[in-house]
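**Q** Here's a sequence, model it:
(4 chains)
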2 protein chains.
Amino acid sequence: MPNKERRKKEKAELRQQILDVARDIAANDGWQNVTIRKICEQIKYTAPIVYQYFESKEMILQSLRKDGFVQVFHLFETVDKKYKAPEKRLFEYALTWWNFAIQYPEIYQVMFNLQGAVCLQNEGNIKIHNTVMDYYHPAFESINQKAKRSEIYCLELTDNFIAIIHGFISMNMANKIKSGNERALLIYKNSLQRFIHSINDINTKK
Amino acid sequence: MPNKERRKKEKAELRQQILDVARDIAANDGWQNVTIRKICEQIKYTAPIVYQYFESKEMILQSLRKDGFVQVFHLFETVDKKYKAPEKRLFEYALTWWNFAIQYPEIYQVMFNLQGAVCLQNEGNIKIHNTVMDYYHPAFESINQKAKRSEIYCLELTDNFIAIIHGFISMNMANKIKSGNERALLIYKNSLQRFIHSINDINTKK
DNA sequence: TAAATAAGTTAACAAAGTTAAATAATTTTT
DNA sequence: AAAAATTATTTAACTTTGTTAACTTATTTA
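**A** Residues are numbered from 1 along each chain as shown, chains lettered A, B, ... in the order given. Coordinates of the predicted model:
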């Protein structure tokens, strides 16, 4: 009897394969073209099988989204290990997002419902948002420390930071702007520096 | 014979009605629920009629998108009439976007492919992007004038500005963040001021 | 070997976008 | 005013999609 462990492993592998294939189709043909049947073609099973692993198509997207966040958080961890200065950390978090979005655009899209990747199931999203905050917020707190600025102001800067990051990335993703990726990255970096610089300015002023 | 003019007018009205209904459904039930058949229910015609007015469903969305941009450009015009100072203009452009997005979220969504409004037909989008630029860019040019900064830097600031605006708005739209709209608006305003302030700083420095 | 369980497929449903063909209404021509 | 031509509208169908129920086949257990 092919033991239970093995069977379990096979199941986990097929589950992962479904995710990989979905992602692969998205990467090649866009999220509009990710259909259950096309996934099945590639995993060599028929449609109902998929439903043993995922409650619905949306759940496939949600799973990829969650994995995406987990991966980004890992990258954030290595940033934290490498850099201590809050300004530097913030800068590196932002670069992490950028590189991630360049490298895995399909995943970034599914994480933020962009470019036809639509998955509006919202459970867990608040939790995710909070986890993102768990990285950014302490950095801002420590920048603001010397200025003894309020907690509220701190959250404000965090929101501002997020807006710049995702504004830039989604803009770049949607437009493939005239400027190539290199120039776009340069602008992005300058923008971040301008922002980080400006909050230091304010701090030292008041 | 009910003359040709009248018939033409009726046609234009029905076309507009289709757009209005599509939008209405989106506003109430979200863009995922906008279907040709639901539109038809409300306009009291059967599905093929719609195809006399729009080549495809995507074209309905595209039309709404274009109308949205036209409306925003009108609002920009009144800003230009009211304010001459480039800093003020930029601030007001940004507020225009914000208010527009609050007042007509469905339209904003279709303009930027957010929240399930997916229309990837891209013709004309470059043109639209340029037209947006036509408003922002002169303002930055005139701010940068005294500092004799390069044209390239000017474009960079423009991109930065756009990223902040749409980053903030789409963030707010996606999260309905803990803070209500009022606080979100405050943060947004501060953020804009910080940005405008920071580019003046840099200008006066170098 | 027979019964029970698991794995997988077939066939179908409903909803969606879309289109061809048929019908109904209106206008034009004689 | 009747016949012909045109325009307007609907019916019925096709395709693709997500999804599920029912059936079949294989495997495990007793």
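**Q** pLDDT score for the nearest residue to residue A:39 once chain neighbours are set aside?
**A** Leaving aside its chain neighbours, residue A:39 sits nearest to residue A:21 (5.1 Å; criterion: CB to CB, 6 or more residues apart in numbering or on different chains). No exception for glycine: its C-beta is placed from N, CA and C like everyone else's. We have a pLDDT of 98 for residue A:21.
**Q** what does residue A:31 give?
**A** pLDDT at residue A:31 comes out at 96.
**Q** residues in contact with it?
**A** By CB atoms under 8 Å, 6 or more residues apart in numbering or on different chains, the contact set of residue A:31 is A:106, A:109-110, A:115-118.
**Q** Quick check: which element contains the residue nearest to residue A:39?
**A** Using DSSP states H and E, residue A:21 maps to helix A:4-29.
**Q** Go through that helix and flag the buried ones.
**A** For helix A:4-29, a neighbour-count test (16 or more other CB atoms under 10 Å in any protein chain shown) marks A:14-15, A:17-19, A:21-23, A:25-26 as buried.
**Q** anything in that helix near DNA strand C?
**A** Yes - contact of helix A:4-29 with DNA strand C (CB under 7 Å from any atom of the strand) involves residue A:7.
**Q** Now do that helix: which elements does it pack against?
**A** helix A:36-43, helix A:47-53, helix A:57-82, helix A:105-112 (3 or more CB pairs under 8 Å, 6 or more residues apart in numbering or on different chains; DSSP states H and E).
**Q** Now tabulate these in CSV and tack on mean pLDDT, distance to residue B:90 and mean neighbour count.
**A** Conversion of the helices and strands packed on helix A:4-29 to CSV gives the following (pLDDT from 0 to 100; distance: least, CB to CB, whole Å; neighbours: other CB atoms under 10 Å in any protein chain shown):
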stretch, mean pLDDT, distance to residue B:90, mean neighbour count
helix A:36-43, 97, 46, 16
helix A:47-53, 97, 50, 14
helix A:57-82, 96, 32, 17
helix A:105-112, 96, 26, 23
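**Q** I'd say residue A:87 and residue A:140 touch.
**A** No - Residue A:87 is not in contact with residue A:140 according to CB atoms under 8 Å; the separation is 10.1 Å.
**Q** Give me the more crowded residue out of these two.
**A** Comparing residue A:87 with residue A:140 by neighbour count (other CB atoms under 10 Å in any protein chain shown), the higher total belongs to residue A:140, at 22 against 17.
**Q** Skipping its backbone neighbours, what lies nearest the residue in chain A that chain B sits nearest to in space?
**A** Closest to chain B within chain A is residue A:167: 2.1 Å, counting by CB to the nearest CB. Spatial nearest neighbour of residue A:167, chain neighbours left out: residue B:167 (2.1 Å); criterion: CB to CB, 6+ apart.
**Q** Tell me the buried residues in the strand or helix carrying the one you found?
**A** When secondary structure is defined by DSSP H and E, residue B:167 falls within helix B:151-175. Buried residues in helix B:151-175, counted by 16+ other CB under 10 Å: B:153-175.
**Q** Can you give the distance of it from its chain's centre?
**A** Relative to its chain's centre, helix B:151-175 lies at 13 Å (CA atoms, centre = their mean, to the nearest Å).
**Q** Quick one: work out the angle between it and helix B:105-112.
**A** Here helix B:151-175 runs at an angle of 140 degrees relative to helix B:105-112 (axes from the mean of the first three to the mean of the last three CA atoms, to 10 degrees).
**Q** per-domain residue ranges of chain A.
**A** A:1-54, A:59-205 (automatic domain parsing).
**Q** By mean pLDDT, show me the worst of these.
**A** Among the domains of chain A, domain A:59-205 scores lowest, with a mean of 88.
**Q** quick check, that domain touching DNA strand C?
**A** No - figure legend: domain A:59-205 not in contact with DNA strand C (CB under 7 Å from any atom of the strand); closest approach 13.5 Å.
**Q** Could you tell me the end-to-end distance of stretch A:139-150?
**A** 14 Å (CA to CA, to the nearest Å).
**Q** does it come close to chain B?
**A** No - residues of stretch A:139-150 contacting chain B under CB under 8 Å from any CB of the partner chain: none, with a closest distance of 12.2 Å.
**Q** List the buried residues of that stretch.
**A** Those would be A:139-141, A:143-144, A:149, for stretch A:139-150 by 16+ other CB under 10 Å.
**Q** try stretch A:183-199
**A** Under 16+ other CB under 10 Å, the buried positions of stretch A:183-199 are A:184-185, A:187-188, A:190-192, A:194-196, A:198-199.
**Q** which of those are close to chain B?
**A** Among the buried residues of stretch A:183-199, chain B is touched by A:184, A:187, A:190-191, A:194-195, A:198-199 when using CB under 8 Å from any CB.
**Q** Tell me which two of the residues you listed sit farthest apart.
**A** A:184 and A:199 (23.2 Å; CB to CB).
**Q** for residue A:116, helix, strand, or coil?
**A** The local conformation at residue A:116, judged by DSSP: H, G, I helix; E, B strand; the rest coil, is coil.
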